[in-house]
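Colleague: The sequence and its predicted three-dimensional model are supplied below.
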Amino acid sequence: MYNCVIIDDETHSKEIIEKYIETIPFLNLVAFYHDPIIALHEINNNDEIDLIILDIEMPEISGLELSKELRGKSTKIIFITAHDKYAFEAFEIFADGYLLKPFSLLKFTSLIMHLFKDENGGAIKRNPKNFFFVKDKSEKLITTKIDFDDIIAIESLHNDVKIYTREMEIIAYSKLGDIKDLLSKNKNFIQVHRSFIISMNHIKTINGLNLKMQGNLFIRIGQSYGERFMSLVKNNTLQSKKIQKI
């Protein structure tokens with residue numbers, strides 16, 4: 001999965017690119033910035049960003065100027081603009097791609113596939129991350145990093161999810177199915193109810209179908225999930241061995 005950021009002062013343009021990104025399974029949109037100044041201040045060297053999609057004509061600071069500050073903070077940068085007059089200057093500062101608005105899904109996808117190819121012609125695979133980013137619904141401008149190891153449970157709230165961690169609780173713009181897909185390769189997580197995914201690492205006690213999790217979170221296992229869960233518990237329960245007398 002490759003993390004990408006959009007910096008574009010045009011909301012309509014951002015919405016189109018966001019839809020395009022959703023069609024590419026190995027791209028993960030972690031942030032969108034309408035204001036280039038905010039992007040400059042918030043994106044730092046510690047963020048793992050693989051791609052920045054950057055508009056050229058923006059107020060206060062142009063995308064070309066901004067790219068010089070962000071070049072070392074992202075593996076690749078693609079410029080997007082409604083004017084072809086910037087093409088030479090863009091490639092002078094080592095742009096990885098240049099798209100002229102309005103561009104089609106095919107052009108966008110072709111460029112992305114070209115940029116993220118290995119020597120055998122396939123999409124480059126990265127080591128799986130042990131974290132992800134979410135937009136906090138209560139604080140719309142805040143993007144929060146969630147470490148897998150800190151997650152106690154995730155609860156579905158219809159069109160949102162509530163993430164319980166060791167330090168906080170966050171209501172995020174996501175669906176339980178999306179989070180389940182993200183965690184699918186981590187065997188510590190299991191769905192125990194149609195509304196709950198839990199981390200096996202944070203179970204305190206099991207009493208029948210009732211779970212007590214760290215943070216005094218109580219969850220009842222759904223009937224259709226009980227058999228798989230109890231089988232997993234049984235396989236990880238220490239069994240005493242009787243000593244036979246000779």
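Modeller: Alright, I've got the coordinates. Numbers count the residues shown, from 1 in each chain.
Colleague: And what about the residue positioned nearest the centre of the chain, helix, strand or coil?
Modeller: Nearest to the mean C-alpha position of the chain, by Cα atoms, centre = their mean, lies Phe132 at 4.4 Å. Per DSSP: H, G, I helix; E, B strand; the rest coil, the local secondary structure of Phe132 is strand.
Colleague: what does the model give it for pLDDT?
Modeller: In this model, Phe132 is scored at 78, pLDDT.
Colleague: contacting residues for it?
Modeller: 28, 145-146, 182 (Cβ atoms under 8 Å, 6 or more residues apart in numbering). All C-beta spots, glycine's among them, are computed from the backbone N, C-alpha and C.
Colleague: Pipe those residues into JSON lines and attach neighbour count per row.
Modeller: Formatted as JSON lines, the contacts of Phe132 follow (neighbours: other Cβ atoms under 10 Å):
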{"residue": "Asn28", "neighbour count": "17"}
{"residue": "Lys145", "neighbour count": "13"}
{"residue": "Ile146", "neighbour count": "19"}
{"residue": "Leu182", "neighbour count": "19"}
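Colleague: where does this protein dip in pLDDT?
Modeller: Applying pLDDT under 70 to the chain flags residues 45-47, 86-94, 118-129, 140-141, 240-246.
Colleague: Break down it into its helices, ranges please.
Modeller: Assignment of helices within the chain using DSSP state H yields the ranges 11-22, 36-42, 63-70, 87-92, 105-115, 176-183, 223-235.
Colleague: Please work out which of these is packed deepest.
Modeller: When the helices of the chain are scored by mean count of other Cβ atoms under 10 Å, the highest mean neighbour count falls to helix 63-70 (a mean of 18).
Colleague: ok, back up a step: which one of the helices of the chain lies closest to Lys162?
Modeller: helix 176-183 (9.9 Å; Cβ to Cβ).
Colleague: sorry, back to before: kindly present the helices of the chain as JSON lines, with separate columns for distance to Glu155.
Modeller: Putting the helices of the chain into JSON lines (distance: least, Cβ to Cβ, whole Å) gives the following:
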{"stretch": "helix 11-22", "distance to Glu155": "24"}
{"stretch": "helix 36-42", "distance to Glu155": "28"}
{"stretch": "helix 63-70", "distance to Glu155": "36"}
{"stretch": "helix 87-92", "distance to Glu155": "45"}
{"stretch": "helix 105-115", "distance to Glu155": "34"}
{"stretch": "helix 176-183", "distance to Glu155": "8"}
{"stretch": "helix 223-235", "distance to Glu155": "14"}
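Colleague: This completes my enquiry, with thanks.
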